[in-house]
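*Asks:* sequence first, predicted coordinates after that:
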Amino acid sequence: MLGYVARRFASLVAVLLAVTALAFSAMNVLGDPLFNVVGFISSVDCDAVEAGLVDDVSGQTAGGRGDCEVIAEARREHHLDRSLPVRYGYWLADIVRGDFGTSFKNEMPVREVIGEKLPKSLLLMGVAQAMAVGIAVPWAVASAYRAHRPFDRASTVGSFGLLAIPNFALGVILFYLFVVRWQVFTSRYDDSDILSRLRSLVLPGLTLGLPVAAIYQRLLRTDLLTTLQEDYVVMARAKGMSDRWIMFRHVLRPSLFSMVTVFGLSTAGMIGGALVVEQIFSIPGLGRTVVEAVIRDDFPIVLGSVVVIASGFVLVNFVVDLLYSFIDPRVRADD
């Protein structure tokens, strides 16, 4: 068991390093880090200043520092005078120490910004996953027991319909119906207490959770139908056991393998969907913060968020790997 856990953990850490390296490289290659630190004075030709061709006076501060002094200090502070791999090493070392840097725009520590916004996004995804599982499991069980009947056919049409609607379209539809037309919910995110937060997350949770519930339902229904044909299930029926007892005691657990697999993968999809959903429902979460940071070229916020999101994805998939071994111990033996 320990060897299985160690191998899974090592592979996921490698994935995390690859993701952070890719994001760091993209931010540095596609953008201009010096411009984001010092602004328009990054265009000053310091070689010409050193040669005495122009004077370094256009951006002098009250302390008497010229533009080139500011540029040189920024390069030293952010290691911009080093190669890209060396800069990544410095940045990764800071991340390991818990130093995510400082925002270019509001000069707040990135760790504080993420610490303030992350709980709202985690609560949103938790509500969405709970709704998805709570809807999908009884839906799949009912469809499996009524396979190829009108209810099952209607479920197939409904699930494919939910999968075909993009998150932003579903969010707009729910917002119009329950906020504008029927006024069941308010348009403002209420952060006063936990019950108010949960109430404010009903519509966003449904927006994220309904398409995922449709995926879970299709997979679980198929696995349930396969498991119901197994010999031990036929034997249980021959012994007179009730359908409910057979389903929840002997059929449901071995049928969860595919659903658990998709649970880990759907987390990444929910992170992407949260970027849109938080904008539609005005939720001050991490997704909305990332969108604003990208628009403002606030690289430390973007990179810090990537680290947190990637770490969360790795952690969820690590837990999913452990659940594999619980659901089917043969996974440990074969790996």
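*Replies:* Noted; the coordinates are in hand.
*Asks:* quick one: low-confidence parts of the protein?
*Replies:* Filtered on pLDDT under 70, the chain yields the residue ranges 1, 4, 49-66, 325, 327-335.
*Asks:* which residue is nearest the centroid of it?
*Replies:* For the chain, the residue sitting closest to the mean C-alpha position, by Cα atoms, centre = their mean, is Ile271 at 2.7 Å.
*Asks:* could you find the closest non-adjacent residue to that one?
*Replies:* In space, and not counting its chain neighbours, Ile271 is closest to Ile309: 5.5 Å by Cβ to Cβ, 6 or more residues apart in numbering. C-betas here are computed from N, CA, C, even on glycine.
*Asks:* count of neighbours near the one you found?
*Replies:* Per other Cβ atoms under 10 Å, the neighbour tally for Ile309 reads 23.
*Asks:* can you give me phi and psi for it?
*Replies:* In terms of degrees, to the nearest 10, the main-chain angles of Ile309 are phi -70, psi -50.
*Asks:* next: Pro109.
*Replies:* Per-residue torsions, Pro109: phi -60, psi 130 (degrees, to the nearest 10).
*Asks:* if I look at the closest residue to it other than its chain neighbours, how far off is Glu112?
*Replies:* Leaving aside its sequence neighbours, Pro109 sits nearest to Thr102 (Cβ to Cβ, 6+ apart; 5.8 Å). Distance of Thr102 to Glu112, computed by Cβ to Cβ, to the nearest Å: 10 Å.
*Asks:* next one: Gly31
*Replies:* Plainly put, Gly31 is 23 Å away from Glu112 if you go by Cβ to Cβ.
*Asks:* please apply the same query to Leu315.
*Replies:* For Leu315, the distance to Glu112 equals 22 Å [Cβ to Cβ].
*Asks:* again with Leu92
*Replies:* 20 Å.
*Asks:* of the two, give the one with the bigger neighbour count.
*Replies:* Taking other Cβ under 10 Å, Leu92 and Glu112 do not tie; Leu92 has more neighbours (15 against 12).
*Asks:* so which strand or helix has the more buried one?
*Replies:* Element membership for Leu92, per DSSP states H and E: helix 84-96.
*Asks:* next, report how far the helix or strand following that helix is displaced from the centre of its chain.
*Replies:* Next helix or strand after helix 84-96 toward the C-terminus (DSSP H and E): helix 110-145. For helix 110-145, the separation from the chain centroid amounts to 11 Å (computed by Cα atoms, centre = their mean, to the nearest Å).
*Asks:* then stretch 25-35?
*Replies:* 23 Å.
*Asks:* repeat for stretch 87-104
*Replies:* For stretch 87-104, the distance to the chain centre is 21 Å (Cα atoms, centre = their mean).
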